[in-house]
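# Pasting the sequence and the predicted coordinates here, then a few questions.
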Amino acid sequence: MSVDPELAKILETPEGDTTRDQLETVMALCGKIVVAGHEFPAPTTAFFAMLHAIRSPFLVPREQPLDTIDLCRALYLLAEGKRALPVILQWKRREDFMEEFRERCGNAPSPDEAVVLSRLVDGIADLQGKFDAETIRFSEKLGFFQPDEALREFSAYIAAGSGFSMLPRDDSSKKKGVFNLDYITFLMAKISTVMPSVTLNELLWELPFATVGFLVVQAERKRGVKGISRDDVSRKLWRKFQERKGSSKPQPPIHTSNPSK
């Protein structure tokens, strides 16, 4: 019986030796990424937390497609790190106060309360404008670049985090869409079981998030969690099977790897 050469090639690929694995490894080794010909720090937990704080569509879905300013905001946060936080802090504090004030006002604010709410909205818009002004000044330093190509490059880097995909579907450690302090300290607690000397600053600002995913995997293995496995082979097999059937209906991956010891 002859073996389909394409399927044989998929099955013979060493587990964990995909191009995505190689990309994540090099990112961990150098701690850098390259977008539009410029070097930036590799995305970290802190970077994703900042993206979430500004409601970036890279993390928070919206109807409109990604555009150049979304990319520039993200690159600005990557490059500036902590230096970008003061204006975001003021922006978030103003939003928090406005939410509290609205709750106190109820559904029918008085004329005076309506004036305060209007001023709060204007203040938030001013802070958002200040953030975008800093973003634009930063992006001008990048010079000319092709936005579509840069967006593809950047998206490939921030999607790196296949360690999280190895965890069982119901594992609470899987990558979240909400990068709040609860999730950050949760990751810290997990990683400290395999790297007890790691500091919160190192986790937030120094460890590439792709590395964090694999550290969580090692922590779960140490804890004896079953069902940790690679799904890259099964995804490729399923895709090839669907191509043969002429169907493009998405289906969940079927794990073919042995569970973690």
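Done, it's in.
# Helix, strand or coil: sort out the residue lying closest to Gly37 once chain neighbours are set aside for me.
Excluding the flanking residues, the one nearest Gly37 by C-beta to C-beta, 6 or more residues apart in numbering is Phe145, at 6.9 Å. For glycine as for every other residue, the C-beta is placed from the backbone atoms N, C-alpha and C. Three-state call for Phe145 (DSSP: H, G, I helix; E, B strand; the rest coil): coil.
# Please work out how many residues are found near Phe145.
If you count neighbours by other C-beta atoms under 10 Å, Phe145 ends up with 16.
# next one: Leu59
Neighbour count for Leu59, taken as other C-beta under 10 Å: 19.
# doesn't it fall inside a helix?
No - counting by three-state DSSP, Leu59 falls outside a helix, being coil.
# Was I right to think it contacts Leu51?
Yes - between Leu59 and Leu51 a contact is recorded at 5.0 Å, counting by C-beta atoms under 8 Å.
# what do those two both touch?
By C-beta atoms under 8 Å, 6 or more residues apart in numbering, Leu59 and Leu51 have these common neighbours: Phe179.
# quick one on the thing from earlier: could you measure from the residue nearest to Gly37 over to Pro65?
Distance of Phe145 to Pro65, given as C-beta to C-beta, to the nearest Å: 18 Å.
# and what of Glu99?
Using C-beta to C-beta, Glu99 is found at 29 Å from Pro65.
# just for the chain, where's the confidence low?
The chain contains residues with pLDDT under 70 at 1-16, 170-177, 231-261.
# just the strands in it please.
Using DSSP state E, the strands of the chain run over residues 32-35, 38-41.
# Among the ones you listed, which comes closest to Thr199?
Nearest to Thr199 among those is strand 38-41; the distance by C-beta to C-beta comes to 17.2 Å.
# ok, the closest one: who's next to it in the sheet?
Listed by DSSP bridges, the sheet partners of strand 38-41 and their directions read strand 32-35 (antiparallel).
# in the strand it pairs with, what's buried?
Buried residues in strand 32-35, counted by 16 or more other C-beta atoms under 10 Å: 33, 35.
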